[in-house]
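>>> My questions are about this predicted structure, shown below with the sequence.
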Amino acid sequence: MSSVPIDLHQKVREILQHVEDLPAEARIPLTHYNRSSTELWNLLLCIEQAIATEQSIVEVPRPPAAIRSHMGQLHGMILVNLVETFERYLKEVAAACVDHIAPYVLDDRFKEFKIQGSALAAHFGTGTLGRSLCESATWLDCRDVSDRFRHLLAGPFEPGKFHLFAKQPAAELERFETLSVIWQLRHTIVHNVGVITQSDAIKLRLLVRGPVPREKILAPSRDDILYLKRFLDETAETSKPADRQTSRRTVDLSACRRRKPIRRARHCRRDLADLRPGARGRRMCRFRSPLTPSLRGGRGGAVVSSGPRPAFTAGPCRTGRP
């Protein structure tokens, strides 16, 4: 009796139905990144423990060379996933910025987001303008990412001075260059299956200013993954100035919309710690808002969720004595 042939075309399409819900941390960009990157590291620890357990109980252990080869491939997969997790974090931060600034601006700050009409129509279901503009673009170039954030967080009709990945001072320049190396490593693994081609070797040699082997296969070690994760974690923390800049800019732009000046007194600093929804106090600007712009949760600000943006209403600025 002949077996019924399997429809491979349909089986491939069924992959799209095998999904899970997003974690609760997905509402906040930074916590979403931390959750995803930690899970990737835990995956590596789980595999290592399983291999060690198997090697201790089987009669014929696997050859060490085979284990090294398999773990090298696993390290490459985790490397790519860590980079993609960081790219998604940049997208989510930018989307939150767009959602909170868009109602208050009329200039061309969104021109850096290139999107075709068909793609924009396809993103109507996302529920927010930020997602429509940011999710369809790639965020794998330091210069492009910095330009987008610079225009996004600029003053009205100004070129902007904020640089997420700056080239000054020297420490920031080094981070800029290291991120460029990471983007190229991702390209090598994703598009060339880890083979360092001649063109990849030339690009990497210019970035690292040193010799790079060509026609070789990348085989990242466990320590390589650990140090990459630590670097990306530290870099994600450097986006907090964008958080504060967004909070200040949203308040400033909303005040321009109401055509009411905002005092620049020392006791009227607009930082995340001073923008608590419904807070009252002396000699401090307190805005009664259902949602104060913040890209991370916890003390000092509300959570910017990835869902529809609630209305932002600002109350009077209390700068004098009661």
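Cool, got the structure.
>>> Please make it C-alpha for all contacts and neighbour counts, starting now.
Will do.
>>> Show me where the protein has its helices.
Along the chain, counting by DSSP state H, helices occupy 8-13, 29-57, 64-101, 117-122, 129-134, 142-152, 170-192, 198-208, 222-237, 240-258.
>>> Can you redo these as a markdown table, where the extra columns are mean pLDDT and mean neighbour count?
Converted to a markdown table, the helices of the chain look like this (pLDDT from 0 to 100; neighbours: other C-alpha atoms under 10 Å):
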| stretch | mean pLDDT | mean neighbour count |
| --- | --- | --- |
| helix 8-13 | 96 | 9 |
| helix 29-57 | 95 | 15 |
| helix 64-101 | 93 | 20 |
| helix 117-122 | 60 | 11 |
| helix 129-134 | 83 | 22 |
| helix 142-152 | 89 | 20 |
| helix 170-192 | 93 | 17 |
| helix 198-208 | 94 | 16 |
| helix 222-237 | 95 | 15 |
| helix 240-258 | 61 | 19 |
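>>> Using TSV, please lay out the ones you listed together with distance to E158.
Shown next, in TSV, are the helices of the chain (distance: least, C-alpha to C-alpha, whole Å):
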stretch	distance to E158
helix 8-13	48
helix 29-57	27
helix 64-101	15
helix 117-122	26
helix 129-134	21
helix 142-152	8
helix 170-192	24
helix 198-208	32
helix 222-237	26
helix 240-258	13
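>>> Figure out which of these is closest to P23.
Taking C-alpha to C-alpha, helix 29-57 is the member of the helices of the chain nearest to P23, at 8.0 Å.
>>> Quick one: work out the angle between that closest one and helix 222-237.
Calculated by axes from the mean of the first three to the mean of the last three C-alpha atoms, to 10 degrees, helix 29-57 forms an angle of 170 degrees with helix 222-237.
>>> which helices and strands sit right next to helix 29-57?
Applying 3 or more C-alpha pairs under 8 Å, 6 or more residues apart in numbering; DSSP states H and E, one finds that helix 29-57 contacts helix 64-101, helix 222-237.
>>> For S2, which of the helices of the chain is the nearest?
helix 8-13 (17.5 Å).
>>> could you dump the closest one to PDB, C-alpha only?
Extracted in PDB, the C-alpha atoms of helix 8-13 (Å, rounded to 0.1, in the frame of the first residue of the first chain):
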ATOM      1  CA  LEU A   8       5.700  20.100   1.200                       C
ATOM      2  CA  HIS A   9       4.400  23.400  -0.100                       C
ATOM      3  CA  GLN A  10       1.500  23.300   2.400                       C
ATOM      4  CA  LYS A  11       3.800  22.200   5.200                       C
ATOM      5  CA  VAL A  12       6.100  25.200   4.700                       C
ATOM      6  CA  ARG A  13       3.100  27.500   4.800                       C
END
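>>> What lies in contact with it?
Applying C-alpha atoms under 8 Å, 6 or more residues apart in numbering, helix 8-13 turns out to have no external contacts.
>>> Check stretch 31-39 too.
So stretch 31-39 is in contact with 23, 25-26, 82, 85-86, 88-89, 229, 233, 296, going by C-alpha under 8 Å, 6+ apart.
>>> Please dump those residues into a markdown table; it should also carry distance to G76 for every row.
Shown next, in a markdown table, are the contacts of stretch 31-39 (distance: C-alpha to C-alpha, whole Å):
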| residue | distance to G76 |
| --- | --- |
| P23 | 25 |
| E25 | 26 |
| A26 | 25 |
| L82 | 10 |
| T85 | 14 |
| F86 | 16 |
| R88 | 19 |
| Y89 | 20 |
| K229 | 13 |
| D233 | 18 |
| R296 | 30 |
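>>> sorry, back to before: of all the helices of the chain, which one is nearest E215?
Using C-alpha to C-alpha, the helices of the chain put helix 198-208 closest to E215, at 6.7 Å.
>>> Now that we're looking at F165, what pLDDT does it have?
pLDDT for F165: 87.
>>> Quick one: residues contacting it.
When contacts are counted by C-alpha under 8 Å, 6+ apart, F165 touches 142-143, 145-146, 172-173, 175-176.
>>> need the helices and strands packed on helix 29-57 in TSV with distance to K114, can you?
Shown next, in TSV, are the helices and strands packed on helix 29-57 (distance: least, C-alpha to C-alpha, whole Å):
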stretch	distance to K114
helix 64-101	14
helix 222-237	24
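>>> of these, which approaches I189 most closely?
I189 lies closest, by C-alpha to C-alpha, to one member of the helices and strands packed on helix 29-57: helix 64-101, at 7.0 Å.
>>> List the residues that contact L218.
Counting by C-alpha under 8 Å, 6+ apart, L218 touches 76, 189, 194-196.
>>> cool, and L206?
If a contact means C-alpha under 8 Å, 6+ apart, then L206 has no contacts.
>>> With that, I have no additional questions.
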